[in-house]
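In: Predicted coordinates and the sequence they were generated for:
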Amino acid sequence: MNARSENPDEGAHLPTRGSDQGGLRQYNERVVLQAVRLQGALPGAEIARLTGLTAQTVSVITKRLLQDGLLRKGEPVRGKVGQPSVPLSLHPEGAYAVGIKVGRRSVDTLLVDFTGQVCQRWQLSYAQADPKLLLPEIRSRLQEIGRKLGPERRGRVQGIGVAAPLALGGWQSLLGMPPEVADTWQAVDLAGAIAAFAPWPVTVIKDTAAACLAELVTGRGHSIGSFLYIFVDTFIGGGLVLDSKLRGGLSGNAGAVGSMPLWPAGQGRDGASMPPQLLSVASLLPLEKAYAAAGLDSMAAADGRALQAPWQPITQSWLETAAAAIAQTIVSSACLLDIDSVVLDGSFSRELLAALLDRTAQALSRYDWEGVARPPLQAGTIGSDARALGGALLPLHANFSPNRDLFIKLGAREA
């Protein structure tokens with residue numbers, strides 16, 4: 001995402017260094033904002049040291065940012081020689097963004113402030129992702145957000161980031177989706193449909209890429225340069241970060257681990273010629289179906305019940321199968337990409353995530369790693385909000401990050 005710190009003790013990526021040359025006012029403002037975003041509240045002298053800008057340039061920039069409401073002053077720090085230093089931090093009300101996750105089982109809407117914190121969240125669950133249901137829900141929430149913010153703060157909303165699967169009408173048999181609902185998605189331009197009633201610019205990104213983006217910007221990405229990101233939801237999916245940048249690939253689908261085959265074609269255990277995909281065994285959908293078949297609440301994975309009786313035996317069986325399949329995917333990815341780490345997260349309880357991490361690590365130990373570096377396996381830091389949060393970060397960082405090529409290059413749809 002940014003150049004690594006020259007001081008190894010700082011342990012985070014630092015922003016691109018600024019320049020005192022003319023014509024770079026906006027760029028230098030973004031460099032200052034990024035330094036404060038990554039390092040927390042900083043006095044002007046420390047901002048100058050981190051960014052490479054002169055103290056005079058930083059003084060001029062921070063005064064402008066204070067006037068614009070993007071920075072705010074903290075309490076003076078006394079006890080040192082000379083004038084007390086005044087730390088500067090991001091002003092939460094300096095800007096806002098809306099993140100929307102359009103999922104196969106729910107639509108989540110987040111209002112996020114300038115610091116990346118969630119101000120409010122809404123969720124609507126459904127049996128099938130039907131545009132006739134979810135588009136009115138999104139419209140209603142955007143209207144509610146506009147009323148909540150009021151005229152002045154409403155003008156500080158930078159845009160709407162929509163995180164959605166690339167094929168909402170796909171995998172009909174696995175999902176039990178009626179053909180007429182699946183067919184509806186063939187004629188729906190999600191970005192265009194939302195932009196038709198949205199008061200702010202709309203950008204759409206693949207849902208798991210958005211979750212990966214959230215981890216890159218607010219989580220493990222501060223200390224990992226390249227990683228494979230795996231997110232377990234109704235379907236398992238992923239994203240790819242190389243050299244601290246989210247990589248989309250030709251079709252925006254890089255890191256689509258859910259479609260990984262589990263064994264060579266023609267060698268299936270049942271003699272089938274087409275192997276199953278990772279998503280058929282390592283997603284939450286088969287676990288939820290197994291719960292339901294046993295007469296249990298299918299939503300137990302969201303809390304601690306999944307590892308308690310009577311759900312525990314079913315959960316343990318799923319963990320063994322899912323972990324083995326995820327481990328196979330990690331080995332293949334590590335051989336091809338030589339990544340620094342693998343980050344695993346999902347829309348389930350932290351207890352279930354810990355159990356899946358443990359089983360996956362055990363499964364990885366059963367592989368021969370000679371000739372390839374085994375990447376560390378780490379827990380994601382965000383959880384269920386990752387996709388909607390990643391969507392909200394798109395417009396925030398497009399407008400305030402010095403590195404505009406940090407993310408997949410996506411065009412916004414104007415309302």
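Out: Yes, it's here. Just so it is clear, the model here is predicted, and its values are computed rather than measured.

In: what does the average pLDDT come to for stretch 74-82?
Out: Across stretch 74-82, the average pLDDT comes to 74.

In: give me every residue that touches the residue lying closest to residue 47 once chain neighbours are set aside.
Out: Counting by Cβ to Cβ, 6 or more residues apart in numbering, residue 47 lies nearest to residue 58, which is 5.1 Å off, once chain neighbours are set aside. No exception for glycine: its C-beta is placed from N, CA and C like everyone else's. Applying Cβ atoms under 8 Å, 6 or more residues apart in numbering, we find residue 58 in contact with 32, 44, 47-48, 51.

In: one more time with 10 Å, if that's ok
Out: For residue 58, the contacting residues are 18, 28, 31-32, 35, 42-51, 88, by Cβ atoms under 10 Å, 6 or more residues apart in numbering.

In: likewise residue 208?
Out: Residue 208 neighbours (Cβ under 10 Å, 6+ apart): 163, 165-166, 229-233, 235-240, 253, 255-258, 345, 386-387, 390.

In: Show only the entries of the residues you listed found in strands.
Out: Judged by DSSP state E, strands contain the following of the contacts of residue 208: 163, 229-232, 237-240, 345.

In: What ranges does this structure have for its helices?
Out: Using DSSP state H, the helices of the chain run over residues 25-39, 44-51, 55-67, 131-154, 172-175, 179-186, 190-195, 207-218, 279-282, 284-293, 312-337, 350-364, 386-400.

In: helices or strands up against the lowest-mean-pLDDT helix or strand in the chain?
Out: Least confident helix or strand, the chain: helix 172-175 with a mean of 72, by mean pLDDT, DSSP states H and E. Where contact means 3 or more Cβ pairs under 10 Å, 6 or more residues apart in numbering; DSSP states H and E, helix 172-175 is packed against helix 179-186, helix 284-293.

In: Can you verify my assumption that residue 191 contacts residue 138?
Out: No - contact criterion Cβ atoms under 10 Å: residue 191 and residue 138 do not qualify, at 11.8 Å.

In: Which one's more surrounded, these two?
Out: residue 138 (24 against 20; other Cβ atoms under 10 Å).

In: does the more buried one really touch residue 99, like I thought?
Out: No - counting by Cβ under 10 Å, residue 138 does not reach residue 99; the two are 11.5 Å apart.

In: Quick check: neighbours shared by those two?
Out: Residues touching both residue 138 and residue 99 (Cβ under 10 Å, 6+ apart) are 109, 160, 162.

In: Export those as JSON lines, with columns for neighbour count.
Out: As requested, the shared contacts of residue 138 and residue 99 are exported to JSON lines (neighbours: other Cβ atoms under 10 Å):
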{"residue": "109", "neighbour count": "26"}
{"residue": "160", "neighbour count": "30"}
{"residue": "162", "neighbour count": "29"}
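
In: now, among the residues you listed, which is nearest to residue 396?
Out: Closest to residue 396 out of the shared contacts of residue 138 and residue 99 is residue 160 (11.2 Å), distances taken as Cβ to Cβ.

In: what's around residue 54, how many residues?
Out: 12.

In: contacting residues around residue 164?
Out: 100-104, 107, 129, 134, 190-191, 194, 204-207, 210, 387, 391.

In: how near is it to residue 195?
Out: For residue 164, the distance to residue 195 (Cβ to Cβ, to the nearest Å) stands at 14 Å.

In: Show me where this structure dips below the pLDDT cut-off.
Out: Regions of the chain meeting the criterion pLDDT under 70 cover residues 1-24, 79-82, 173, 266-273, 403-415.

In: Please tell me I have it right and residue 331 contacts residue 364.
Out: Yes - using Cβ under 10 Å, residue 331 is in contact with residue 364, at 7.1 Å.

In: Residues that sit against both of those two, list them.
Out: 374-375.

In: Let me see the contact set for the nearest residue in space to residue 324 that is not next to it in sequence.
Out: Excluding its sequence neighbours, the residue lying closest to residue 324 (Cβ to Cβ, 6+ apart) is residue 363, at 4.9 Å. Residue 363 is in contact with 320, 322-328, 330-331, counting by Cβ under 10 Å, 6+ apart.

In: any chance of these in a markdown table, with distance to residue 373 too?
Out: Formatted as a markdown table, the contacts of residue 363 follow (distance: Cβ to Cβ, whole Å):
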| residue | distance to residue 373 |
| --- | --- |
| 320 | 26 |
| 322 | 24 |
| 323 | 21 |
| 324 | 21 |
| 325 | 22 |
| 326 | 18 |
| 327 | 16 |
| 328 | 17 |
| 330 | 12 |
| 331 | 11 |
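
In: of those, closest to residue 223?
Out: Nearest to residue 223 among the contacts of residue 363: residue 330, at 19.5 Å, using Cβ to Cβ.

In: my guess is that closest one meets residue 375, correct?
Out: Yes - applying Cβ under 10 Å, one finds residue 330 in contact with residue 375, separated by 7.2 Å.

In: Now list whatever residues contact both of the two.
Out: Applying Cβ under 10 Å, 6+ apart, one finds that residue 330 and residue 375 are jointly contacted by 228, 339, 342, 364.

In: Report the separation between the residue most central in space within the chain and residue 202.
Out: With distances taken as Cα atoms, centre = their mean, residue 211 lies nearest the centre of the chain, 2.1 Å away. Residue 211 sits 19 Å away from residue 202, going by Cβ to Cβ.

In: swap in residue 25?
Out: Relative to residue 202, and taking Cβ to Cβ, residue 25 is found at 28 Å.

In: Same question for residue 29.
Out: Separation of residue 29 from residue 202 (Cβ to Cβ) stands at 25 Å.
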